[in-house]
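Compute the structure for the input listed below.
(2 chains)
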There are 2 protein chains.
Amino acid sequence: MQFSVDRSVLVEAISWSTRAVPQRPPVAILSGLHLQAANGVLTISAFDYETSVKVEVPASIDEPGDVLVSGRMLAEMVKALPNRPVEFTKVDEKSLSLVCGTANFNLATMPVGDYPTLPAFPELCGSVEASELSNAVKQVSIAASKDDTLPLLTGVMVEIDGDNITLLATDRYRLAQRDLKWKPADPSFSTKALVRAKILSDVANTITSAGDISLALSAGNGTGTNDIVGFTAGERSTTSNLMSGEYPPVRRLFPTETLTYAVIDRQGLIDATKRMKLVADRNTPVRLHFTEEGLTLNASNNEEAQGSDFLQVSLRGEEITTAFNPNYLLEGLQAINTPYVRISFTQPTKPAVLHGQEKIDGEVAEDFRYLLMPIRYGV
Amino acid sequence: MQFSVDRSVLVEAISWSTRAVPQRPPVAILSGLHLQAANGVLTISAFDYETSVKVEVPASIDEPGDVLVSGRMLAEMVKALPNRPVEFTKVDEKSLSLVCGTANFNLATMPVGDYPTLPAFPELCGSVEASELSNAVKQVSIAASKDDTLPLLTGVMVEIDGDNITLLATDRYRLAQRDLKWKPADPSFSTKALVRAKILSDVANTITSAGDISLALSAGNGTGTNDIVGFTAGERSTTSNLMSGEYPPVRRLFPTETLTYAVIDRQGLIDATKRMKLVADRNTPVRLHFTEEGLTLNASNNEEAQGSDFLQVSLRGEEITTAFNPNYLLEGLQAINTPYVRISFTQPTKPAVLHGQEKIDGEVAEDFRYLLMPIRYGV
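Numbering: from 1, shown residues only, chains lettered A, B, ... in the order given. Model (predicted):
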């Protein structure tokens, strides 16, 4: 095997692929990155039995072949090389040579035969604008659970119905929902898939190409669920096993009526909440008191420090006092990308709903909503 | 006590002062920052019995007074405030109020009487250009020991002789020496002071004012050493207890003769050494083989990976092969600020000396030298 590749192209492709190489692999072979050179293309791939990644880059190939080497070591090596073509040569069964300018590296290889075969890429079922998907995933994935006590809640529920995709995530304290349009291959296509939030975020965060990202789902085992999801954008593709299990019927948590709502300058509320967070203990909330005059925020960690702030708001309905976890409130506010936020209430002890709003007296943006559970605090 | 201060001035002053507030104070009161308002000036100070800091900022004072509050909490609060004047009011014996725009904070105070008195600032003995001192400290402090097994070696030896200051530091594996000119108050002044490298680096890294920094030393207890060092630049001053003990006579380690030297492109050698470092195990060196043709570097961690590189050099004297710890070599190369580096040798098993050089065939820069112990490696 012998080929050469442009170094900057290689750095980008290998950095991207090594995301799927486990930091502490259960077996040594999973620390590998598989390089295959054939037909003018170098294919770089990795698979840890759950997630697979594959990227293709143009290569000048003298002798086709393939090799398995340590992903992290290779990534560090190519980053440290000068900006010249990198020539790869399989020296023997145990060694790969890299030559770049005056620099030489020799790297031990692992037996390719022992490496797991990547799953077949599932059937494409449509495409969505990459930046649109990326934004939607960022908005929703914050609400997914970070701990594994309820594994299902570490996923993002992807519901597809015709040309509409809905993303949903919750950790029981808040619930985020984002709707977006896409281009399904079959206009009557409808399905549900529970994708690990981490995988979805990884895909969203590493989209570099403008244009579309294609979504693929493999047919499931007759249970109505699909067992593998695939994403492909440009020369990069990712697959991941879907999570299985009954995702809770969370959509019904959104209240159907609104008795009170307030429209607030979003950045002002973010800044004030950050201040209150400084003096809120880990388990004390930030209290919000909405009146005709405005919104008073306050928080304290008893003896040591107290804080308060005041913001102008446009209030419709009764005065209301409630309390939230400041981190969950902040993450919701930061997921909204309009100048104003509308917070809608039924009762102080019931969940509130956040929506973005372009103008103080305008309509809410319907594509994103963030439900937030209040915290009860002392009398 | 009541006064107001510009918020951006306050942020900078408090961030700087809280460096001297211990992260995990042995007694709670040392977590404090002392605020004193009098005569149009707010003085912010902290002292942990070893290092003291003091900074003065202009304030509009309605009622003079002083107060002791948590340094870290205050630092976070002022950073989170909007950019308006911040009004401080001592509410009662236990509470300080901050008001800034619509934002309010209340912060518990600690008893000022229990806080240690800052040491008297020692007598100024001269001044040096701040950026010059900052560069010199950065060059030398890398060679000071990071661990406390030999506490003396965590210091930087400051030797003053007339208008010359020499800084020396070693961790037994390398030794850095930097000479610089200064303006002594007394041209015949001569002394030695062992200053903690951490303190010296802190002072050097936080110099923001152009112009001069003044150095102060208190007279010692008759042992010929001084017991306190002070630095003052603009409105900021720092003191620190000097370290006591007999610093080893390290200057004599620099070889008096040079049998061989090589002049090398500094950035090229840095890049090549970084590459070799990737494949060098924690305890394996990078080997350097100098010949008329050039410098060959190589390193390996046995089975897994090997690397080599080649650089043009200008060699005077015999061919030589030696080996260094790649980190220590890199730190020395990075401390030099000229395009070329000269490495001088007597024998492969004896220390080498690095000097900066502006031109490949020019003279060495005499103000900085870095001695590096070779590592013996297998036959």
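
tell me the contacts of residue A:304?
When the contact criterion is Cβ atoms under 8 Å, 6 or more residues apart in numbering or on different chains, the partners of residue A:304 are A:279, B:70, B:73, B:107, B:108. Any C-beta I mention is one placed from the backbone N, CA and C, and that applies to glycine too.

can you pick the most crowded of those residues?
With neighbours taken as other Cβ atoms under 10 Å in any protein chain shown, the top of the contacts of residue A:304 is residue A:279, carrying 26 neighbours.

Distance-wise, check it relative to residue B:355.
55 Å (Cβ to Cβ, to the nearest Å).

now residue A:294
In this view, residue A:294 and residue B:355 are 67 Å apart by Cβ to Cβ.

Compare these two and say which is more crowded by neighbours.
Neighbours of residue A:294 and residue B:355, each counted by other Cβ under 10 Å, are more numerous for residue B:355; the result is 21 against 16.

Let's see the pLDDT reported for the more buried one.
Note for residue B:355: predicted pLDDT of 98.

these two touch, right, it and residue B:367?
No: because the distance of 9.4 Å does not satisfy Cβ atoms under 8 Å, residue B:355 is recorded as not touching residue B:367.

Which positions in the stretch 101-250 of chain A make contact with chain B?
Counting by Cβ under 8 Å from any Cβ of the partner chain, the stretch 101-250 of chain A comes close to chain B at A:102, A:103, A:104, A:105, A:106, A:107, A:108.

By neighbours, which of those residues wins?
Each of these was scored for neighbours by other Cβ under 10 Å, and residue A:105 scores highest at 27 neighbours.

who does that residue bridge with?
Using DSSP bridges, the bridge partners assigned to residue A:105 are residue A:98, residue B:307.

same check, this time on residue A:166
With beta bridges defined as DSSP bridges, residue A:166 has these partners: residue A:159, residue A:179.

who are the neighbours in contact with it?
Neighbour list for residue A:166: A:157, A:158, A:159, A:177, A:178, A:179 [criterion: Cβ under 8 Å, 6+ apart].

helices and strands around whichever strand or helix holds the fourth one, which ones?
In the assignment (DSSP states H and E), residue A:177 maps to strand A:174-181. Contacting strand A:174-181 under the criterion 3 or more Cβ pairs under 8 Å, 6 or more residues apart in numbering or on different chains; DSSP states H and E are the following elements: helix A:130-141, strand A:164-170, helix A:326-335, strand A:368-372.

Check the offset of the helix ranked longest in chain A from the chain's centre.
Using DSSP state H to assign secondary structure, the helix with the most residues in chain A is helix A:266-279. Averaging C-alpha positions (Cα atoms, centre = their mean, to the nearest Å) puts helix A:266-279 25 Å from its chain's average.

So which bits of it are buried?
Along helix A:266-279, these residues count as buried under the neighbour rule (16 or more other Cβ atoms under 10 Å in any protein chain shown): A:266, A:268-279.

could you list every residue that touches the nearest residue to residue A:112 once chain neighbours are set aside?
Leaving out its chain neighbours, the residue that sits closest to residue A:112 by Cβ to Cβ, 6 or more residues apart in numbering or on different chains is residue A:68, at 4.8 Å. By Cβ under 8 Å, 6+ apart, the contact list for residue A:68 reads A:29, A:32, A:33, A:34, A:35, A:109, A:110, A:111, A:112, A:115.

how close does residue A:68 sit to chain B?
Residue A:68 is 14 Å from chain B, where distance means Cβ to the nearest Cβ, to the nearest Å.

quick one: residue A:112 from residue A:66, how far?
Spatial separation of residue A:112 from residue A:66 under the definition Cβ to Cβ is 6 Å.

Show me whatever sits in contact with both of the two.
Looking at what touches both residue A:112 and residue A:66 (by Cβ under 8 Å, 6+ apart), the common residues are residue A:34.

Among the contacts of residue A:68, name the buried ones.
So, of those, A:32, A:33, A:34, A:35, A:109, A:110, A:115 end up buried under the neighbour-count rule (16+ other Cβ under 10 Å).

part of a helix, is the third one?
So the one you mean is residue A:34. No: assessed with DSSP: H, G, I helix; E, B strand; the rest coil, residue A:34 is strand; it does not lie in a helix.

Tell me the bridge partners for residue A:298.
Residue A:298 has these beta-bridge partners by DSSP bridges: residue A:287, residue A:308.

how near is residue A:198 to residue B:72?
Between residue A:198 and residue B:72 the distance is 33 Å, computed by Cβ to Cβ.

Provide a list of residues in contact with residue A:29.
Under the criterion of Cβ under 8 Å, 6+ apart, the contact partners of residue A:29 comprise A:68, A:110, A:111, A:114, A:115.

That one: what secondary structure?
For residue A:29, the reduced secondary structure class is helix; criterion used: three-state DSSP.

any idea how far it lies from chain B?
When Cβ to the nearest Cβ is the yardstick, residue A:29 and chain B sit 14 Å from each other.

still on that earlier bit, pipe the contacts of residue A:166 into CSV and attach distance to residue A:89, neighbour count and pLDDT per row.
As requested, those are exported to CSV (distance: Cβ to Cβ, whole Å; neighbours: other Cβ atoms under 10 Å in any protein chain shown; pLDDT from 0 to 100):
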residue, distance to residue A:89, neighbour count, pLDDT
A:157, 48, 23, 97
A:158, 44, 22, 96
A:159, 50, 18, 96
A:177, 53, 24, 98
A:178, 48, 22, 98
A:179, 52, 16, 98
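
Check which helices and strands the helix or strand containing residue A:56 sits against.
In this structure, residue A:56 is located in strand A:51-58 according to DSSP H and E. Using 3+ Cβ pairs under 8 Å, 6+ apart as the contact criterion, the elements in contact with strand A:51-58 are helix A:7-17, strand A:41-47, strand A:236-241.

Serialize these to JSON lines and add fields for mean pLDDT and distance to residue B:80.
Converted to JSON lines, the helices and strands packed on strand A:51-58 look like this (pLDDT from 0 to 100; distance: least, Cβ to Cβ, whole Å):
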{"stretch": "helix A:7-17", "mean pLDDT": "96", "distance to residue B:80": "35"}
{"stretch": "strand A:41-47", "mean pLDDT": "98", "distance to residue B:80": "42"}
{"stretch": "strand A:236-241", "mean pLDDT": "95", "distance to residue B:80": "39"}
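
can you redo the ones you listed as TSV with mean neighbour count?
Below are the helices and strands packed on strand A:51-58 laid out as TSV (neighbours: other Cβ atoms under 10 Å in any protein chain shown):
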stretch	mean neighbour count
helix A:7-17	18
strand A:41-47	21
strand A:236-241	22
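
contacting residues for the residue nearest to residue A:81 when sequence neighbours are not counted?
What sits nearest to residue A:81 in space, not counting adjacent residues and going by Cβ to Cβ, 6+ apart, is residue A:100, at 4.3 Å. Residues in contact with residue A:100, defined by Cβ under 8 Å, 6+ apart, are A:7, A:81, A:82, A:84, A:85, A:86, A:87.

What count of nearby residues applies to the nearest residue to residue A:263 once chain neighbours are set aside?
Leaving out its chain neighbours, the residue that sits closest to residue A:263 by Cβ to Cβ, 6+ apart is residue A:314, at 4.4 Å. The number of residues packed near residue A:314 is 15, by other Cβ under 10 Å.

Quick check: residue A:314 touching residue A:357?
No: using Cβ under 8 Å, residue A:314 makes no contact with residue A:357, being 9.9 Å away.

Need the residues touching each of those two.
When contacts are counted by Cβ under 8 Å, 6+ apart, residue A:314 and residue A:357 are jointly contacted by residue A:263.

dump the residue contacts of residue A:61.
Under the criterion of Cβ under 8 Å, 6+ apart, the contact partners of residue A:61 comprise A:2, A:3, A:37, A:38, A:39, A:40, A:42.

For it, list each beta-bridge partner.
residue A:3.

so where is the stretch 251-379 of chain A shaky, pLDDT-wise?
A:377-379 (pLDDT under 70).

which parts of it sit against chain B?
Applying the criterion Cβ under 8 Å from any Cβ, the portion of the stretch 251-379 of chain A that neighbours chain B consists of A:271-272, A:274-275, A:278-279, A:303-311.

tell me the two of these that are most distant?
Every pair in these was compared (Cβ to Cβ); the two farthest apart turn out to be A:303 and A:311, at 26.8 Å.
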